[in-house]
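predicted structure and sequence below. I'll ask about it afterward.
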Amino acid sequence: MSLSTYAVQALQPLTVLVAAPGLSGWIAKVEARLQGRRGPRVLQPYYDLVKLFGKESLAPEGTSWFFLAAPVVAMCCYLTVPLLIPVLTTFGLPLGYTGDIIGGSFLLALASFSVAVAAAESGAPYAQLGASRSKTFGAITEPVMLFVVFSVALITATDLPYAQAAAVRSSGAQVIRPAHLLASAALFLVILYETARIPVETHTGTNEFGMIEEARVFEHSGPQLALLKWGSAMKQLILYTILIDVFLAPWGLASTTGALSVALAVGALLGKAALLGCVVAVIDNSFAKLRLFKISEFVAAAFLLAVLAVFTLYLGGG
Amino acid sequence: MNALLAAGNAPTTFEGATNTVAVLLLLTEFAMLRASLSRSQVHLYAVQSFLVSVLAVIVAAARDLPELYALAVVSLLLKAGAVPWLINRLLRDARVEIAGSGAIGVASATLLSLALAGFGFFAVGSLDIRSRFLPHAALGLSVSIVLVAFVLMIVRRDVVSQAVGFFSLENGVSLASLVVAAGMPLIIEVAFLFDLLVAVVVFGVLMRVHHHRTASLSTESLTSLQG
């Protein structure tokens, strides 16, 4: 049985939408087991979302309509990005070529910008602190993303994620070349920063002063908070998908629209994301949180890797 | 445009592997730049020397140059074993843990050396020196390592960083010699290694004397005049 390409296209954001909270729950579970705790259920984030959707939404006095609209804007961005990247298939689906990697990055940046604007609008000190910090460090992580895109462009002569994934699949020589390894490592460091994992901030708990991404949602409540939490889980799965299906292991994707191979691709994606989640949980448990002013060193390291990737490519030896 | 076209084709696995090891050499150099403990700087130097030996083994295997195996073993014993052990012993005697802070912050030092590394890359890349033994990029990388080692020696204000910077500079030169003249007679290569030993002795004496005079390993106290 073969699905229509539009059905597969719709399945991509749907997979991310449904699986994202589960991935967060899985990482929390693995982390708890590594610390010798039983930890919450893997499905806990879903129960949290249901609970939050049942509550009323409140906005601080003096905020405009954008405060309540921002979570929806962010959610729309996160639902659009999976249309552009290889989530389930090796070939571009009908809407797959409407945007390149830069387009995807812009959408992710737009989502984080709208959340930051809403946080700044709330007038609450912690939320504003989080918003201003995330934009400060973002000024260094976004050039890293640009350099990763440049290295993709130099490798494949396009800036399409599908082309990069196809290049990685084509031979082992493409995997071991330094440009590919450096760009993947840089992207991984950026993902640790973007998903608020340990060298940058503690993912759980109420460590207000050290918070960056997590502090921005302090003033939202009810369905809006649920959308923001869901959105950040989706952003995590999207970034993992980009790292896995474009750079590290673009194997196991469906090469036809057959129902069985698409189902297998969903399973493969979730399995690979769960594995990456285990790696992140181990990192979470083995390092200490960096001091705020050391974070610039962390992102400078990512920048170094990304720039070296482009350097080696320009010399013809990358 | 030529560079773009060349980059379009993936290098062979051998080139990819050697380039990756060479890039790792440069990365350890950057790691030394930001390491705040003298001990971890010495560890990083040992790792870097180990990587040079790995590179020598890869070249020996792929290009059929058996004398490079001997070089790899000797260099492993000396640079990854004896030299770090000696410096560690000197450090233990001096009871100094934390390396001196840099004249500029870590992030700016990283960016500065990144710019210098880029300069080294492109300056050498434009010379278009070809080698039968190692791919083109490795020579540019070795020059970058030398330049970053200079930054390490210039911005850090303690004797250990300067010693480690000097030794790792020698690692960069070894990489360059592997690129340019992998078939060079073994005796010359070994003579280089013994040159390094002389440098270790000199730096050891410097560390001892300096620590004896000023009770620290920081070079900042050297700027004040003594009557």
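Thanks, I have the structure now. Numbering: from 1, shown residues only, chains lettered A, B, ... in the order given.

so where's chain B uncertain?
Along chain B, the model assigns pLDDT under 70 to residues B:1-11, B:99-101, B:130-134, B:182-183, B:225-227.

residues in contact with the residue nearest to the spatial centre of chain A?
In chain A, the centroid-proximal residue (Cα atoms, centre = their mean) is A:L239; its distance is 2.8 Å. Listed by Cβ atoms under 8 Å, 6 or more residues apart in numbering or on different chains, the contact set of A:L239 reads A:108, A:191, A:194-195. (Glycine included, C-beta is placed from N, CA and C.)

among those, which lie within helices?
If you go by DSSP state H, those have A:108, A:191, A:194 in helices.

now chain B against chain A: closest residue?
Taking Cβ to the nearest Cβ, chain A has its nearest neighbour within chain B at B:A137, 2.5 Å off.

you'd agree that residue is up against A:A309?
No - look at B:A137 against A:A309 with Cβ atoms under 8 Å: they stay out of range, at 11.9 Å.

do you know the pLDDT at the residue nearest to B:A107 when sequence neighbours are not counted?
With sequence-adjacent residues excluded and distances taken as Cβ to Cβ, 6 or more residues apart in numbering or on different chains, B:A107 is closest to A:A300, at 4.5 Å. For A:A300, the pLDDT comes out at 85.

just the one 4 residues further on next, same as before
Among the per-residue scores, A:L304 shows a pLDDT of 90.

so which elements touch the helix or strand where it lies?
Assigned by DSSP states H and E, A:L304 falls within helix A:295-314. Applying 3 or more Cβ pairs under 8 Å, 6 or more residues apart in numbering or on different chains; DSSP states H and E, we find helix A:295-314 packed against helix A:125-156, helix A:178-194, helix B:2-8, helix B:13-34, helix B:106-125.

hang on, the earlier thing: from the ones in helices among the contacts of A:L239, pick the one nearest A:W230.
Taking Cβ to Cβ as the measure, A:W230 lies nearest A:L108 of the ones in helices among the contacts of A:L239, at 15.2 Å.

centroid-nearest residue for chain B?
Nearest residue to the geometric centre of chain B (Cα atoms, centre = their mean): B:S168, 2.4 Å.

does that residue touch B:F30 like I think?
No - with contacts counted by Cβ under 8 Å, B:S168 stays clear of B:F30, the gap being 10.8 Å.

returning to that earlier point: mind listing what's buried in the helix or strand hosting the residue of chain B closest to chain A?
Here B:A137, judged by DSSP H and E, is contained in helix B:136-155. Residues of helix B:136-155 classed as buried: B:136-155 (neighbour count, 16 or more other Cβ atoms under 10 Å in any protein chain shown).

helices or strands next to it in the packing?
Contacts defined by 3+ Cβ pairs under 8 Å, 6+ apart place helix B:136-155 against helix B:13-34, helix B:106-125, helix B:159-180.

same list (those helices) but as JSON lines, adding distance to A:S255.
Listed next are these as JSON lines, based on distance: least, Cβ to Cβ, whole Å:
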{"stretch": "helix B:13-34", "distance to A:S255": "25"}
{"stretch": "helix B:106-125", "distance to A:S255": "39"}
{"stretch": "helix B:159-180", "distance to A:S255": "41"}
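
quick one, which of these gets closest to B:Q48.
Proximity to B:Q48, assessed across the helices and strands packed on helix B:136-155 by Cβ to Cβ, is greatest for helix B:13-34 (4.3 Å).

mind checking how far the closest one is from the chain centre?
11 Å (Cα atoms, centre = their mean, to the nearest Å).

burial measure for the closest residue to A:I242 other than its chain neighbours, as a count.
For A:I242, ignoring the flanking residues on the chain, the nearest one in space by Cβ to Cβ, 6+ apart is A:I85 at 5.7 Å. Here the count is done by other Cβ atoms under 10 Å in any protein chain shown, and A:I85 has 21 residues near it.

now swap in the one 3 residues further on and tell me
Burial of A:L88, expressed as a neighbour count using other Cβ under 10 Å, amounts to 25.

before we move on, what about A:G39?
A:G39 is flanked by 16 other residues according to other Cβ under 10 Å.
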